[in-house]
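# got a predicted structure plus its sequence, pasted below:
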Amino acid sequence: MKNRVSITAEFAALIKAKDNPDYLYFVSPKTRYISTIVSFIFSKQFLDKIFRWRQQLTKEIDSIVERERPNLIVDLGSGYSLRGYTFCRKNLDLVYIDTDLPDVISNKLQILNKINRIKRVENPSNLHLTVLDVLNDDLQNIISISNSRAKILILAEGLTSYFSLNQLQIFFDNIYKVLKTFPEAVFYSNEKMKEPGGILYKFIRKMLSIFTHSTGHSFDDKYDFMKYISKWEGLVCEFEDCDSGHLIYKLKFQK
Ligand SMILES: C[S@@+](CC[C@H](N)C(=O)[O-])C[C@H]1O[C@@H](n2cnc3c(N)ncnc32)[C@H](O)[C@@H]1O
């Protein structure tokens with residue numbers, strides 16, 4: 001059964017398709033239909049503005065990966081992102097673990113196989129697709145079964161924006177445990193700050209959160225987030241980008 005949260009993966013794919021048409025394989029007719037209705041209601045200029053930051057987020061995380069040069073990447077809630085698929089082809093020494101909820105992982109496997117067939121290529125053997133629910137499963141298990149001495153990069157792009165305060169607590173407990181166990185590991189993610197985009201933007205987010213049954217928590221600003229994260233003793237937070245009301249940050253454990 002398809003869960004409602006996974007529709008957010010399709011919307012992310014739809015936005016990314018502007019830069020890479022392969023993403024269209026992941027967008028169902030239903031999501032295309034909803035996006036057509038949305039494009040009738042809102043002006044192109046307004047939608048472009050929303051999409052631009054989302055595309056920017058993907059590009060910034062891509063450049064973080066290039067800069068950090070890890071041996072092992074664990075992508076949490078990777079959805080239909082083709083980052084692992086692309087980076088694994090460029091770097092055969094990299095191990096990339098794409099993780100998400102069961103229906104997204106099985107759908108992604110099928111669609112990647114379809115893309116491979118069409119392009120007449122093999123799936124990169126260094127890319128692994130694994131089911132992981134970050135709110136119920138222990139993230140540490142994923143890493144301990146892999147190479148624990150590797151330079152580890154943990155990513156979460158657009159994952160936490162749908163989490164309530166309670167869910168964030170569970171999520172960061174999970175992240176904390178793994179960063180404490182593997183002090184060489186670094187974690188990059190993004191948070192939304194209190195609405196940067198005005199009333200229409202608020203409206204769209206509200207509709208999406210009702211549809212996906214999620215009530216994402218917004219931090220007031222980067223200081224609010226910094227204060228929140230200081231509850232986990234030893235976690236050091238660095239800001240990558242605080243533009244347009246959104247925040248990209250890095251977390252690391254330091255004794
Ligand atoms: C907005 S999408 C982002 C997907 C991808 N990171 C990207 O940028 O294209 C959010 C993803 O988080 C996943 N997700 C939501 N709750 C999750 C959970 N508890 N554990 C793992 N993944 C989850 C959804 O299935 C979805 O694929």
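Alright, I've got the coordinates.

# show me where the protein has its strands.
Residue ranges of the strands in the chain, as given by DSSP state E, are 72-75, 95-100, 127-131, 152-156, 186-192, 235-241, 246-253.

# out of those, which is closest to the ligand?
Proximity to the ligand (Cβ to the nearest ligand atom) singles out strand 95-100 among these, at 4.7 Å. All C-beta atoms are positioned from the backbone trio N, CA, C, and that covers glycine.

# same for that closest one, what does it pack against?
Secondary-structure packing of strand 95-100 (3 or more Cβ pairs under 8 Å, 6 or more residues apart in numbering; DSSP states H and E): strand 72-75, helix 83-90, helix 102-119, strand 127-131.

# quick one: distance of that strand to the chain centre.
Taking the mean C-alpha point of strand 95-100 and that of its whole chain, the gap between them comes to 11 Å (Cα atoms, centre = their mean, to the nearest Å).

# that strand versus strand 152-156: what angle between them?
An angle of 30 degrees separates the directions of strand 95-100 and strand 152-156 when computed by axes from the mean of the first three to the mean of the last three Cα atoms, to 10 degrees.

# direction included, what does strand 95-100 pair up with?
Under the criterion DSSP bridges, strand 95-100 sits next to strand 72-75 (parallel), strand 127-131 (parallel) in its sheet.

# would TSV of the ones you listed with mean neighbour count and distance to the ligand be doable?
As requested, these are exported to TSV (neighbours: other Cβ atoms under 10 Å; distance: least, Cβ to the nearest ligand atom, whole Å):
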stretch	mean neighbour count	distance to the ligand
strand 72-75	24	7
strand 127-131	17	9
